[in-house]
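K.L.:
pasting the sequence and the predicted model now:
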Amino acid sequence: MRLERQREIVAWLLAAHEAGRTQLADEPLRLPVGEFFDTELFGREQRTAFRGCPAAVCLSSDIAGPGDHLVVDAGGVPVLVVRGEDGAAGAFVNICRHRGSPVVERAGQRARSFRCRFHGWTYDLGGALIATPYGDDGFDGIDRACLGLVAVPVAEAFGLVFVRGEGDDPIDVDGWLCGMGPEVGDFGFGGYRLFDRWTSEWPCNWKLLVDTFLETYHVFALHADTVARYFLVRPSAFLPFGPHLRFHSLQKSLLDLKGTDPLGWELLPHGTVEYLIFPATVLSYSVDHLAVYRFLPAATDRTTVELALYTPAPVETDEQRSHFQRTLELHQRVSGDQDFTQQAKIQRSLASGRAKEVILGRNEPAAIHFHLSLRRLLAEAQRQEGGR
Ligand code: FES
Ligand SMILES: [Fe+2]
């Protein structure tokens, strides 16, 4: 993030702290508990927000060289993302054209081709079917040239790779990010290195999990024995970019800047900057690492969380390794044991049917923005379907 932008934000935050203010939404938002249980709504969210919108699935560096590949989920569509021989990112439905087996089961590097484990059909990096061993006369009348992996839209910009599980229109990343792209691009995430991944399953709705990144109101209470001593409850600040947003979790050290020369102000050493790439990818930047959270809904009350921790430079020494191992464990403790565990408890208690709604306060404006953006998108999709 550019220094001028950081200074502007610091100035706003210090003035807000001085005045005892924080950023407020226009009004509280009451969310009916059906938001977290309604299977019809869940189906629309999957179709519209997860399959119909571009999903930020990985960093460019996850597929740094030709043949490097990942298997990702785009609204329930299994997608193989691969760096082609020509250096461009490709993406294909990860379903073998023979009998539907997944072609690739895990991430890997420098593959020359992909061989399905079931009967060995083999595809090149561009998805073309190049071998059907022992299948010479088994598929007479079927044109193998038409049996390549099905391509899905893919685009790469600002150090990120986007795919869309449905539709043929090309992805315009810049347009989709509504102005947030260049700011994200400034961080240079495309050159970051993966340290490690952690995948976990949670018995709760995906929106409850995303919400935990969008307010610091809970920090003093829920995180009392972990990070509360470092972070401010308020002020907090966010900036919307279309349905996406930037959110700040601020450390108390920010207040040390009061009374110092504004030309020396920087925001980034004093907290975490989070970018929510709608609907459910969170880039959480701290001064020495990037944590990327992806939320993959499986049912109204079941969500997979994929966390990947990246570092700006290669981790070479034992000391660095144990530092980033501790960082990953802190994410697991704070997000997993505290935030996500709390949301699972909320899902269980709401399932009793004895609460009609939950309320997001005006002091939780980023969470309100997220829910209203989702509502708007779904309403728009319904209007378009109705108009057909
Ligand atoms: S299902 Fe892939 S080769 Fe048969
Ligand atoms: Fe939290």
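P.N.:
Good, I have the coordinates. Ligands and ions are numbered 1, 2, ... in the order given.

K.L.:
just give the strands next to whatever helix or strand residue 359 lives in in its sheet, each with its orientation.
P.N.:
Residue 359 is part of strand 357-360, with elements assigned from DSSP states H and E. Here strand 357-360 is paired, per DSSP bridges, with strand 29-32 (antiparallel).

K.L.:
show me where the stretch 101-250 of the chain has its helices.
P.N.:
Under the criterion DSSP state H, counting those that start in this stretch, helices of the stretch 101-250 of the chain are mapped to 173-176, 181-186, 206-211, 219-222.

K.L.:
which other residues reach the first one?
P.N.:
Right, the one you point to is helix 173-176. 53, 54, 155, 156, 157, 158, 160, 162, 181, 242 (Cβ atoms under 8 Å, 6 or more residues apart in numbering). To be clear about C-beta, it is placed using only N, CA and C from the backbone, and glycine gets the same treatment.

K.L.:
how distant is that helix from the center of its chain?
P.N.:
16 Å (Cα atoms, centre = their mean, to the nearest Å).

K.L.:
swap in the last one?
P.N.:
In terms of Cα atoms, centre = their mean, the gap separating the centre of helix 219-222 from the centre of its chain is 24 Å.

K.L.:
near ligand 2, anything from that helix?
P.N.:
No: shown here: helix 219-222 not in contact with ligand 2 (Cβ under 5 Å from the ion), separated by at least 5.9 Å.

K.L.:
residues in contact with the helix or strand encompassing residue 17: which ones?
P.N.:
Following DSSP H and E, one finds residue 17 within helix 3-18. Applying Cβ under 8 Å, 6+ apart, the set of residues contacting helix 3-18 from outside is 22-23, 183, 232, 234-235, 237, 248, 250, 254-255, 257-258, 262-263, 265-268, 270.

K.L.:
buried ones in it, by neighbour count?
P.N.:
6, 7, 9, 10, 13, 14, 16, 17 (16 or more other Cβ atoms under 10 Å).

K.L.:
could you export those residues as TSV, including pLDDT and distance to residue 37?
P.N.:
Below are the buried residues of helix 3-18 laid out as TSV (pLDDT from 0 to 100; distance: Cβ to Cβ, whole Å):
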residue	pLDDT	distance to residue 37
6	90	41
7	93	45
9	91	38
10	92	42
13	91	37
14	92	42
16	91	37
17	92	39
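
K.L.:
columns distance to ligand 2 on top of the residues you listed, output as CSV?
P.N.:
Formatted as CSV, the buried residues of helix 3-18 follow (distance: Cβ to the ion, whole Å):
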residue, distance to ligand 2
6, 23
7, 27
9, 21
10, 23
13, 19
14, 24
16, 21
17, 20
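
K.L.:
which one among these gets closest to residue 68?
P.N.:
Closest approach between the buried residues of helix 3-18 and residue 68, by Cβ to Cβ: residue 6, at 33.3 Å.

K.L.:
quick check: the gap between the closest one and residue 237.
P.N.:
Residue 6 sits 12 Å away from residue 237, taking Cβ to Cβ, to the nearest Å as the criterion.

K.L.:
ok so, going back, dump the contacts of helix 173-176 into JSON lines; add neighbour count, pLDDT and distance to ligand 1 as well.
P.N.:
Shown next, in JSON lines, are the contacts of helix 173-176 (neighbours: other Cβ atoms under 10 Å; pLDDT from 0 to 100; distance: Cβ to the nearest ligand atom, whole Å):
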{"residue": "53", "neighbour count": "22", "pLDDT": "97", "distance to ligand 1": "30"}
{"residue": "54", "neighbour count": "26", "pLDDT": "98", "distance to ligand 1": "28"}
{"residue": "155", "neighbour count": "19", "pLDDT": "98", "distance to ligand 1": "28"}
{"residue": "156", "neighbour count": "20", "pLDDT": "98", "distance to ligand 1": "28"}
{"residue": "157", "neighbour count": "19", "pLDDT": "98", "distance to ligand 1": "33"}
{"residue": "158", "neighbour count": "22", "pLDDT": "98", "distance to ligand 1": "35"}
{"residue": "160", "neighbour count": "26", "pLDDT": "98", "distance to ligand 1": "30"}
{"residue": "162", "neighbour count": "27", "pLDDT": "98", "distance to ligand 1": "27"}
{"residue": "181", "neighbour count": "20", "pLDDT": "98", "distance to ligand 1": "38"}
{"residue": "242", "neighbour count": "14", "pLDDT": "98", "distance to ligand 1": "40"}
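
K.L.:
so which of those are in strands?
P.N.:
The strands, defined by DSSP state E, take in 155, 156, 157, 160, 162 from those.

K.L.:
biggest separation within those, which pair?
P.N.:
155 and 160 (9.1 Å).

K.L.:
so which residues on the stretch 1-150 of the chain come close to ligand 1?
P.N.:
Neighbours of ligand 1 within the stretch 1-150 of the chain, by Cβ under 6 Å from any ligand atom: 96, 98, 99, 101, 116, 118, 119, 120, 121.

K.L.:
how about a cut-off of 5 Å?
P.N.:
Proximity of the stretch 1-150 of the chain to ligand 1 (Cβ under 5 Å from any ligand atom) is limited to residues 96, 98, 99, 101, 116, 118, 119, 121.

K.L.:
for residue 312, which non-adjacent residue is spatially closest?
P.N.:
Spatial nearest neighbour of residue 312, chain neighbours left out: residue 192 (5.7 Å); criterion: Cβ to Cβ, 6 or more residues apart in numbering.

K.L.:
got the contact list for residue 271?
P.N.:
By Cβ under 8 Å, 6+ apart, the neighbours of residue 271 are 231, 248, 249, 250, 251, 254, 286.

K.L.:
hmm, residue 269 and the last one touching each other?
P.N.:
No: counting by Cβ atoms under 8 Å, residue 286 sits too far from residue 269 to count as a contact (9.5 Å).

K.L.:
what score does residue 292 have for pLDDT?
P.N.:
Looking at residue 292, its pLDDT reads 98.

K.L.:
so the nearest residue to it once chain neighbours are set aside bridges to which residues?
P.N.:
Closest residue to residue 292 apart from its sequence neighbours, by Cβ to Cβ, 6+ apart: residue 308 at 4.8 Å. With beta bridges defined as DSSP bridges, residue 308 has these partners: residue 197, residue 292.
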